[in-house]
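Student: Here is a sequence together with a model predicted from it:
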Amino acid sequence: MVDAIRKEVRVRFAPSPTGYLHVGGLRTALFNYLFARREGGKFILRIEDTDQKRFIPGALENLMSSLKNMGLHYDEGPDVGGPCGPYIQSERMEIYRHHIKELLASKIAYYCFCSEERLEKLREDQRKMKRPPMYDGKCRELSEQEVQEKLAAGTPCVIRLRFPKEGRTVFDDVIRRKVAVDNSVVDDQVLIKSDGFPTYHLANVIDDHLMGISHVIRGEEWLSSVPKHIYLYKAFGWELPTFVHLPLLLNSDRSKLSKRQGDVAVESYMEKGYLPEAMINFIALLGWHSADDRELYTLQELEKAFSLDRINKAGAIFDLDKLNWMNGLYIRNFDVEVIAERTRSFFEKEGFDVSDWSKYVKVIGVARDYASCLEEMVPRGRMFYEELHFSEDDRALIAEENSQKIYVYWIDALKDRSAWTREALQARIEEAMTTMGLKGKKFYFPLRLALFGNTHGPDIPTIMDILGRDESVKRLQRCLVDG
C-alpha cells in the first residue's frame, strides 16, 4: 500500500483535539491543502489524540467543521475515510505496539523506570546549572535481567529512544535548506508513555510512513525534533519524507503569537464576523508571497499560485489591522445580498426584526461602508430600527431656531408622496438651502441628527430612502420643540 501511494504528493494536517483551531494551525492546514491541490495530490486530516489528558470533548468536531467552513476539504480523514485509516491515532494503538516491539528488539528503544520525582529533580538541577533539561541516561544501560525484574514487579515505566550521542545529524529542509544538529543536544525522547500511549514523535513517524506522506509541512517548533524522527525512519528502514518547517507566527512586538496577546482561535474570528474568504486570503500571506506580490486572492487562485519555494524563513507578523482592512474590503466588494444574509444572525441576536428584506439590504449597503467585520454592522445599522436617543449637546442643536425651520420644511415637503426619488429629494435639499440661506453642515447636521441620530453618516436621500416617508416624518416630528 505504502509503495503504491508514495508515487503521488500526499500531505497531512495532524492537529490535537485539545481546543479550537488555532490560527497557526489554520495556516499549517492551508499550506498543506494548497500544496496538495497545486500538485494534484491528496490532503489528509489525521487526529493526534494520544495525549489523553488534554483531550477536550467536542474539539474533534470543531476542528473538522472549522476546516470545512474555511473551504479546506480534505481527501481522507476520520469522517470521510480513505485507504490508510483509521485516521484517529487512539484507534491505531495496535500498530504502535507492533512497531515499538521492533525498536526494543533492535535496542533502538529501551525501558526507563525513573520516577517523575527523580526526573523533576534532574530537570531542576539542570536549570540551576543553566543546562537544557535532558534525560541523563540512567536506565539506558540496564541489563535484560534488571529490566525483566522491574517489569515483573510492575514498576511504572516509559519507553525511550536510544539516540546516539556522537556526531551530527544533517538534513535538508525546503525552507531552511541544510540543517545540522549536534547529536549531543538531542534527548532520549520518550516514545511510549506510562499510560501505554505513544508520544507524537513515535506515532507521527509511523503514521506518516504508513499513510505515504511525501511532504511533512508543519510549524518551525518541530525543527529541533527532526533528528529523532530521522533516526526512527532509518531504524525502520523507511524512506524519509521531504521536510518543510513553516516560520513562526508573531505578535506585532515579534513575540510568539499567543492567547495572552489576543484571539488566536479561528472560531473567535468567525463569531465576530470575519469572512472565511478574507481569513484564508490573509492567512495565506503569513509567511508566503506570490511572484507578483499580489495581496488579494480567492482560494481557487491560491491553489494555482502557491509554491513552497516562496515561503519565507523569517517569522510572519499577525497584523490585526491588515486583517481588518482586508476583511472590510471583502465585505464591501461582495454582493450586498450575500453580506446581508451572512449578517442577518448578528441583527437577530440583538432583537432586530429584519424581515423587511428590501429595507434590510439597504441598511447593510450603508453599514458595510464603515465595518471591518460583520458584528460591527449592527451598531452601524441599528439606528434604522430603534428609537433615537440624544445627548444634551444633540438636544441643544435640535432646539436651535434654524434646526426647527429645517424640520418644519421637510415635514411639509414629505407630504408630497410622489416626490420620493433620489433626484427629487436632492432637488428639495438644494431648494431648502437656497430658501433658508443655509449651507453645508449648518443644514445637514441638524437634519441628519434628527433622522439618523448622528451628525455624520450617509447622505440625506439615502437615509430617507431606507427609513421610508412615514418614518422620516415621524422622526422629524419628534424633534419639534413644540411637539
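Tutor: Happy to help now that I have it.

Student: And the pLDDT at V266?
Tutor: V266 is assigned a pLDDT of 93 by the prediction.

Student: heads up, I number from 31, so please use that
Tutor: Okay, residue one is now 31; in that scheme the one you just asked about reads as V296.

Student: shouldn't it be in contact with L97?
Tutor: No - applying Cβ atoms under 8 Å, one finds V296 not in contact with L97, separated by 9.2 Å. The way it works is simple: take the backbone N, C-alpha and C, and place the C-beta from them, glycine included.

Student: quick one: common contacting residues for these two?
Tutor: L51 (Cβ atoms under 8 Å, 6 or more residues apart in numbering).

Student: Now do the strands in the protein.
Tutor: According to DSSP state E, the chain carries its strands in the segments 40-43, 72-75, 139-142, 188-191, 198-203, 207-212, 220-222, 245-249, 272-276, 279-280, 346-347.

Student: Let me have the ones you listed in CSV, extended by mean pLDDT, mean neighbour count and distance to R452.
Tutor: Formatted as CSV, the strands of the chain follow (pLDDT from 0 to 100; neighbours: other Cβ atoms under 10 Å; distance: least, Cβ to Cβ, whole Å):
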stretch, mean pLDDT, mean neighbour count, distance to R452
strand 40-43, 98, 26, 51
strand 72-75, 98, 24, 50
strand 139-142, 98, 22, 78
strand 188-191, 98, 22, 75
strand 198-203, 97, 14, 61
strand 207-212, 96, 12, 62
strand 220-222, 98, 23, 72
strand 245-249, 97, 21, 54
strand 272-276, 98, 21, 52
strand 279-280, 93, 21, 47
strand 346-347, 94, 19, 44
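
Student: List the residues that contact I243.
Tutor: Contacts of I243 by Cβ under 8 Å, 6+ apart are 40-42, 74, 237, 271.

Student: Distance check, it against D225.
Tutor: 26 Å (Cβ to Cβ, to the nearest Å).

Student: With M413 instead?
Tutor: Taken as Cβ to Cβ, the span from M413 to D225 is 58 Å.

Student: Please say which of the two ends up with more neighbours.
Tutor: M413 (22 against 11; other Cβ atoms under 10 Å).

Student: Am I right that that one is in contact with H486?
Tutor: No - applying Cβ under 8 Å, one finds M413 not in contact with H486, separated by 12.0 Å.

Student: Run through who's touching stretch 87-106.
Tutor: 43, 45, 47-51, 56, 59-60, 63, 66, 72-75, 77, 79, 107-110, 112-115, 117-118, 296-297, 300, 306-307, 309-310, 329.

Student: Can you get me a residue count around D105?
Tutor: 15.

Student: Pull up the gap between it and H128, please.
Tutor: Distance from D105 to H128, by Cβ to Cβ: 26 Å.

Student: Buried ones among the contacts of stretch 87-106?
Tutor: Among those, those buried by neighbour count (16 or more other Cβ atoms under 10 Å) are 43, 45, 47, 49-51, 56, 59-60, 63, 66, 72-75, 77, 79, 107-108, 112, 114, 117-118, 296-297, 300, 306-307, 309-310, 329.

Student: burial count for the closest residue to L305 other than its chain neighbours?
Tutor: Counting by Cβ to Cβ, 6 or more residues apart in numbering, Y360 is the residue found nearest to L305 once chain neighbours are left out, at 5.1 Å. For Y360, the count of nearby residues is 20 (other Cβ under 10 Å).

Student: among the contacts of stretch 87-106, which are in helices?
Tutor: 56, 59-60, 63, 66, 296-297, 300, 306-307, 309-310, 329 (DSSP state H).

Student: now, which of these sits nearest T492?
Tutor: E307 (27.0 Å; Cβ to Cβ).

Student: before we move on, the earlier item: would TSV of the contacts of I243 with distance to A457 be doable?
Tutor: Compiled in TSV, those are given as follows (distance: Cβ to Cβ, whole Å):
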residue	distance to A457
R40	67
V41	63
R42	65
I74	65
D237	73
P271	72
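
Student: Flag the shaky bits of this protein, pLDDT-wise.
Tutor: 31-36, 289-292, 448-449, 513 (pLDDT under 70).

Student: you'd agree P271 is up against S244?
Tutor: Yes - contact criterion Cβ under 8 Å: P271 and S244 qualify, at 5.8 Å.

Student: hey, where'd the helices end up in the stretch 331-480 of the chain?
Tutor: 350-363, 366-379, 387-397, 407-411, 422-429, 431-443, 452-466, 470-482 (DSSP state H, counting those that start in this stretch).

Student: Nearest approach to M494 belongs to which of those?
Tutor: Nearest to M494 among those is helix 452-466 (6.0 Å), distances taken as Cβ to Cβ.

Student: what's the angle from the closest one to helix 470-482?
Tutor: Helix 452-466 runs at 130 degrees relative to helix 470-482, counting by axes from the mean of the first three to the mean of the last three Cα atoms, to 10 degrees.

Student: What are the structural domain limits within this structure?
Tutor: Per automatic domain parsing, the structural domains of the chain span 289-364, 365-412, 417-513.
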